[in-house]
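Asker: mind looking at a prediction? Sequence and model below.
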Amino acid sequence: MRDGVDTLVLGCTHYPLLARVIARFVGVKVELVDSAKNCAVAVQQLLDRQSLRATAENSGSLEVALTDAPDNFCVSRAMPLQIEIAEVQLREVIHGAGNVA
């Protein structure tokens, strides 16, 4: 990569979804650092230290609310993450009345 960059930090939790494309663009000489993975490990360690991590029997649930068509979300987000979404709630974005000074 130009300008002497040897390491690129993927600083948004969404960027790892694009890591392969980014890696092809920047080339093999640039190391990619996945901040989302590091963040997940740090959260897991914190939960373990505080004895707050859920057991496998109590894994929780996922609720999805969108302002866009569900098909767009399911294809571009849910499939790469390999998660199943049973129901999607559609929400309308309501803008505040008046200007804020």
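Answerer: It's in. Because the structure is predicted, anything quoted here is derived from the model rather than measured.

Asker: now do the longest helix along the chain: everything it contacts.
Answerer: Ranked by number of residues, the top helix in the chain under DSSP state H is helix 35-49. With contacts defined as C-beta atoms under 8 Å, 6 or more residues apart in numbering, helix 35-49 is touched by 9, 10, 11, 12, 13, 14, 15, 16, 53. In this view, the C-beta of every residue, glycine as well, is placed from N, C-alpha and C.

Asker: ok, 7 Å please
Answerer: Helix 35-49 is touched from outside by 9, 10, 11, 13, 16, 53, with contacts defined as C-beta atoms under 7 Å, 6 or more residues apart in numbering.

Asker: so the nearest residue in space to residue 63 that is not next to it in sequence, which state does it fall into?
Answerer: Among residues not flanking residue 63 along the chain, residue 89 sits closest, at 7.4 Å (C-beta to C-beta, 6 or more residues apart in numbering). Secondary structure state of residue 89, per DSSP: H, G, I helix; E, B strand; the rest coil, is strand.

Asker: now residue 20
Answerer: helix.

Asker: in the longest helix of the chain, which residues are buried?
Answerer: Under the neighbour-count criterion of 16 or more other C-beta atoms under 10 Å, helix 35-49 has residue 36 buried.

Asker: likewise stretch 60-70?
Answerer: For stretch 60-70, by 16+ other C-beta under 10 Å, it's residue 64.

Asker: end to end, how far does that stretch reach?
Answerer: Length of stretch 60-70, first residue to last, C-alpha to C-alpha, to the nearest Å: 22 Å.

Asker: off-centre distance for that stretch?
Answerer: Taking the mean of its C-alpha atoms, stretch 60-70 sits 14 Å from the chain's own mean (C-alpha atoms, centre = their mean, to the nearest Å).

Asker: now do stretch 13-24
Answerer: 11 Å.

Asker: what does that stretch contact?
Answerer: 10, 32, 34, 36, 37, 39, 80.
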